[in-house]
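Chemist: my questions are about this predicted structure, shown below with the sequence.
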Amino acid sequence: NAGVTQTPKFQVLKTGQSMTLQCAQDMNHEYMSWYRQDPGMGLRLIHYSVGAGITDQGEVPNGYNVSRSTTEDFPLRLLSAAPSQTSVYFCASYGNYGYTFGSGTRLTVV
Amino acid sequence: GQQLNQSPQSMFIQEGEDVSMNCTSSSIFNTWLWYKQDPGEGPVLLIALYKAGELTSNGRLTAQFGITRKDSFLNISASIPSDVGIYFCAGQLGISNFGNEKLTFGTGTRLTIIP
């Protein structure tokens, strides 16, 4: 099925650990983005990319890195996880019919 | 960062009732979008609005793009159990594929249907 695939679906990290949240889309969309969702806060933009090799910061970029080496993939890296990064993370791509969201990664940092 | 003010935060209704929720912003947007999120899933687009004053329907859902471009509302008529979920408004500066694609989300309205 065409769409946005996120892995893993759930993850528990210890403070200070690093990890990469994976996101892949097969719709050939140039624009991809990462959001985090916290209770009562809606979704907030972390980083986005308008094409391979081009990334930019969103509203809440601190503590996260991204890269875009291919059109399909847009991984989100946490270099040193903190409890404040406990959240649900959504990857989305944007095309002719608007945004398509992945099903999310629920991350808990203890 | 900016977030849209969405109200109400939660609604408890009986099946068959109509639902109304709205979203306001201090900034102008050129596109307003309404999404629904089911538990454990990402948001799914319900309705997109591209012109101030536009009124658009999608089945039992009706949404309007405010004339000032700073607000929007969503109505759901004759609610059914599968309407349960969280509804988000989102504003976008770009129009369709052009311009700024970034979305600014509302804080969400959680809809619960009381048996």
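Modeler: Yep, that arrived. Numbering: from 1, shown residues only, chains lettered A, B, ... in the order given.
Chemist: does residue A:18 touch residue A:76 like I think?
Modeler: No. Look at residue A:18 against residue A:76 with Cβ atoms under 8 Å: they stay out of range, at 11.6 Å. C-beta here means a position set from N, CA and C on the backbone, and glycine is covered the same way.
Chemist: what's the average pLDDT for stretch A:35-46?
Modeler: Along stretch A:35-46, the predicted local confidence has a mean pLDDT of 90.
Chemist: what sits up against it?
Modeler: Stretch A:35-46 is contacted by residues A:33-34, A:58-61, A:64, A:66, A:76, A:85, A:87-92, A:104, B:1, B:3-4, B:6, B:9, B:43, B:88, B:102-103, B:105-108 when judged by Cβ atoms under 8 Å, 6 or more residues apart in numbering or on different chains.
Chemist: drop anything exposed from the residues you listed.
Modeler: Burial by neighbour count, judged by 16 or more other Cβ atoms under 10 Å in any protein chain shown, picks out A:33-34, A:58-61, A:64, A:66, A:76, A:85, A:87-92, A:104, B:3-4, B:6, B:43, B:88, B:102-103, B:105-108 from these.
Chemist: next, name the residue at the spatial heart of chain A.
Modeler: For chain A, the residue sitting closest to the mean C-alpha position, by Cα atoms, centre = their mean, is residue A:34 at 3.4 Å.
Chemist: sheet partners, orientation included, of whatever helix or strand that residue lives in?
Modeler: Taking DSSP states H and E as the definition, residue A:34 sits inside strand A:31-38. Here strand A:31-38 is paired, per DSSP bridges, with strand A:42-51 (antiparallel), strand A:87-95 (antiparallel).
Chemist: who does the helix or strand just after the last one pair up with?
Modeler: Scanning forward in sequence from strand A:87-95, with DSSP H and E defining helices and strands, the next element found is strand A:98-101. Partner strands for strand A:98-101, per DSSP bridges, with pairing direction: strand A:87-95 (antiparallel).
Chemist: so how far is the partner strand off the chain centroid?
Modeler: For strand A:87-95, the gap between its own C-alpha mean and the chain's C-alpha mean amounts to 6 Å (Cα atoms, centre = their mean, to the nearest Å).
Chemist: if we can go back for a sec, kindly export the strand holding residue A:34 (C-alpha atoms) in PDB.
Modeler: C-alpha atoms of strand A:31-38 as PDB (Å, rounded to 0.1, in the frame of the first residue of the first chain):
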ATOM      1  CA  TYR A  31       8.300  17.600   0.900                       C
ATOM      2  CA  MET A  32       8.500  15.600   4.200                       C
ATOM      3  CA  SER A  33       8.200  16.600   7.800                       C
ATOM      4  CA  TRP A  34       8.400  15.400  11.400                       C
ATOM      5  CA  TYR A  35       5.900  16.400  14.100                       C
ATOM      6  CA  ARG A  36       5.600  15.600  17.700                       C
ATOM      7  CA  GLN A  37       2.300  15.300  19.500                       C
ATOM      8  CA  ASP A  38       1.900  16.000  23.200                       C
END
